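Q: I need the structure of the sequence given here:
(2 chains)
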Amino acid sequence: MITFLVFLPFLLGFVVVGVYGERKIAGFVQNRLGPMEVGPKGIVQTVADLLKMLQKEDLRPKAVDQLLFLAAPIIVFGAIFTGYAVLPLTEGVSGSVIDAGLFFLLSVVSLDVLGILLAGWGSNNKYALFGAMRSVAQIVSYEIPLGLSVLCVVMVAQTLDLQEMVTQQGIYATEESFLFGIKGLKINATGGFLSWNIFSMPLLIIAFIIFFISGLAESNRVPFDLPESESELIGGYHTEYSGFRWGLFMLSEYGMMLLVSFLAAILFFGGWYSPFPNIGSFELAEMTNGPVWGVIWLFGKATFFIFLQIMARWTYPRLRVDQLMSLSWKYLTPVAILLLFLIGIWKIWVIS
Amino acid sequence: MIEISGFGTVLLFLIGGIAFVMVTLLAGKILRPERPNEEKLSTYESGEVPASSSWKVFNIRFYIVALIFLLFETELVFLFPWAIVFGNKEMVAETDGLWGIFSLTETFIFIIILALGLVYVWANGMLEWVKPKPKPSDYQSKIPSGAYEKYKN
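A: Have a look, this model is predicted:
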């Protein structure tokens, strides 16, 4: 309940700030200024864009399938926003407490494929259909490495509840955790960044790389933006959309980016735990952990991954279709399966 | 504060998200103009009159990708419940470590069978997509190739 009241305004605020930030970072990367006109340093540019979008005429071409066309953006946004339900916020404030937890999140978020396909098919436009088909093939392909890398974390954590998964990665953990997955290097009292999943199980660094690449592909971001590559497909599956309905697709894209970043922070980087360890009697971890600190750390980590995604967008060129498919099926999936074997063996023979 | 159950919260997120979308779309409906005409309501095709409807047959490749996806998604569905019990401390302690080894071996056999599926698909070339084949141009420039070197720096 509290998480709903936090995440919905935060998502909207993030989109406003995030789009501005993205344009400013793009400007920085390309050695130009970015938005400068509206407000000081162009700071209210996105607000102006939002107001413009609300006033735009809503065009629905005669050839479209009305029902599918209107339902598509709502399904996409609904699916992605429901994924936020299970995210924990901070110490003591967990999201929805359901046994399926992470599994539910993965399955409900993959429903947005349905919305994208409806948008492309319902538009009755060739660009939109091509975009939707590419998008579905891409999201569906990268779902496998994403799921397998998340599975690696679940195997280490032995739970699907995200709140419990975070709790295990720091000083409040009830289970024993070891540094670098070596029995004997007990790390519970020290905490800090040393007890995060990527440090307490070093193989998860590879899992994180797979997760991050697949996450970029899931949210249709560059270098995986083939579905909406504007230089060849106009806008992809949202070619025929205008006004706020188009805005909903943008909102969902940024929502997906944020969700992937939150997940990366929670699964691999200790969620709402502070990165500072206890050093002997100087209890830095105790000082920097708490309900309020938790929110700051979680959102800070998420913002960092957003920054990484934006930098990736403005530095890498787009992949070709055959490269896209071979990256997913011929590299990421076999590596993820191998990782699954290794982590299973490590868990049984080394840790427990 | 009202207590709501786990899936109640999920429902709250679903309804809340959709309600937010509806309210914004309604606000847009009040604000925006509504002046449709023939040109605005035609399907976009780079300025041309649309040649035909786009609801036609599509490349079979996408269907194959969907089939392979189904194969692995089933694997994931089965592996998630397994992943949270295979290292269960009590079970391992009760069976003297046999539980972990047994469940791990069983699942490994399961994954290997599925991986064989991937190998089969791979060997049959179903993961190959159409690659661009750039042709070298046979154009012969009259300017000698060394001429550029002089002005390079």
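Q: Break chain A down into its domains, please.
A: A:1-55, A:56-351 (automatic domain parsing).
Q: Correct me if wrong: A:Phe269 contacts A:Ser195.
A: No. Look at A:Phe269 against A:Ser195 with Cβ atoms under 8 Å: they stay out of range, at 11.1 Å. In this view, the C-beta of every residue, glycine as well, is placed from N, C-alpha and C.
Q: can you put the domains of chain A in CSV and add mean pLDDT, mean neighbour count and distance to chain B?
A: Below are those laid out as CSV (pLDDT from 0 to 100; neighbours: other Cβ atoms under 10 Å in any protein chain shown; distance: least, Cβ to the nearest Cβ, whole Å):
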stretch, mean pLDDT, mean neighbour count, distance to chain B
domain A:1-55, 87, 16, 5
domain A:56-351, 84, 20, 4
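Q: got the contact list for A:Lys186?
A: A:Glu176, A:Ser177, A:Phe178, A:Leu179 (Cβ atoms under 8 Å, 6 or more residues apart in numbering or on different chains).
Q: now with 10 Å?
A: Residues in contact with A:Lys186, defined by Cβ atoms under 10 Å, 6 or more residues apart in numbering or on different chains, are A:Glu176, A:Ser177, A:Phe178, A:Leu179, A:Ser195.
Q: gap between the first one and A:Gln168?
A: Using Cβ to Cβ, to the nearest Å, one gets 10 Å for the distance from A:Glu176 to A:Gln168.
Q: Could you tell me the backbone phi and psi angles at A:Val93?
A: With angles defined as degrees, to the nearest 10, A:Val93 sits at phi -110, psi 90.
Q: if we can go back for a sec, now the common contact residues for A:Phe269 and A:Ser195.
A: With Cβ under 10 Å, 6+ apart, A:Phe269 and A:Ser195 have common neighbours A:Gln169.
Q: returning to what we had before: how about the domains of chain A in TSV, adding distance to B:Ile109?
A: Output for the domains of chain A, formatted as TSV (distance: least, Cβ to Cβ, whole Å):
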stretch	distance to B:Ile109
domain A:1-55	40
domain A:56-351	12
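Q: Nearest to B:Leu70 among those domains would be which one?
A: domain A:56-351 (9.1 Å; Cβ to Cβ).
Q: Give me the distance between that closest one and the centre of its chain.
A: Chain-centre distance of domain A:56-351: 3 Å, with Cα atoms, centre = their mean, to the nearest Å.
Q: low-confidence ranges in chain B?
A: For chain B, the stretches flagged by pLDDT under 70 are B:1-2, B:152-153.
Q: Pick out the residue nearest the middle of it.
A: B:Phe69 (9.3 Å; Cα atoms, centre = their mean).
Q: Disregarding flanking residues, what is the spatial nearest neighbour of that one?
A: Leaving aside its chain neighbours, B:Phe69 sits nearest to A:Val140 (4.4 Å; criterion: Cβ to Cβ, 6 or more residues apart in numbering or on different chains).
Q: buried stuff in the helix or strand where B:Gly100 lies?
A: For B:Gly100, the host element (DSSP states H and E) is helix B:98-123. Neighbour-count burial for helix B:98-123, counted by 16 or more other Cβ atoms under 10 Å in any protein chain shown, picks out B:Trp99, B:Gly100, B:Ser103, B:Leu104, B:Thr107, B:Ile111, B:Leu114, B:Ala115, B:Leu118, B:Val121, B:Trp122.
Q: Okay, strands next: where are they in chain A?
A: Counting by DSSP state E, no segments of chain A form strands.
Q: And the residue nearest the centre of it?
A: Using Cα atoms, centre = their mean, the most central residue of chain A is A:Val260, at 1.0 Å.
Q: wait, A:Ser274 sits on A:Ile171?
A: Yes. A:Ser274 is in contact with A:Ile171 according to Cβ atoms under 10 Å; the separation is 9.3 Å.
Q: Residues that sit against both of the two, list them.
A: A:Gly191, A:Gly192, A:Ala285, A:Glu286, A:Asn289.
Q: how about A:Ala285, what does it touch?
A: A:170-172, A:189-195, A:273-279.
Q: Quick one: distance of stretch A:35-50 to the chain centre.
A: A distance of 26 Å separates the centroid of the chain from that of stretch A:35-50, by Cα atoms, centre = their mean.
Q: Please work out which residues outside that stretch touch it.
A: A:12, A:15-24, A:26-27, A:33-34, A:51, A:244, A:247, A:250, B:24.
Q: Any idea how far apart the tips of it sit?
A: 15 Å (Cα to Cα, to the nearest Å).
Q: Would you confirm that A:Leu87 contacts A:Leu263?
A: Yes. Applying Cβ under 10 Å as the test, A:Leu87 and A:Leu263 come out as touching, 8.0 Å apart.
Q: Give me the common contacts of the two.
A: Here A:Leu87 and A:Leu263 have A:Leu102, A:Leu105, A:Leu162, A:Gly271, A:Ala302 as joint contacts, going by Cβ under 10 Å, 6+ apart.
Q: Contacts only, for A:Ile306.
A: Shown in contact with A:Ile306 (Cβ under 10 Å, 6+ apart): A:Phe14, A:Val17, A:Gly18, A:Gly21, A:Glu22, A:Tyr254, A:Met257, A:Leu258, A:Val260, A:Ser261, A:Phe262.
Q: mind putting those in JSON lines, distance to B:Glu45 included?
A: Shown next, in JSON lines, are these (distance: Cβ to Cβ, whole Å):
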{"residue": "A:Phe14", "distance to B:Glu45": "35"}
{"residue": "A:Val17", "distance to B:Glu45": "37"}
{"residue": "A:Gly18", "distance to B:Glu45": "33"}
{"residue": "A:Gly21", "distance to B:Glu45": "35"}
{"residue": "A:Glu22", "distance to B:Glu45": "30"}
{"residue": "A:Tyr254", "distance to B:Glu45": "29"}
{"residue": "A:Met257", "distance to B:Glu45": "31"}
{"residue": "A:Leu258", "distance to B:Glu45": "35"}
{"residue": "A:Val260", "distance to B:Glu45": "34"}
{"residue": "A:Ser261", "distance to B:Glu45": "37"}
{"residue": "A:Phe262", "distance to B:Glu45": "40"}
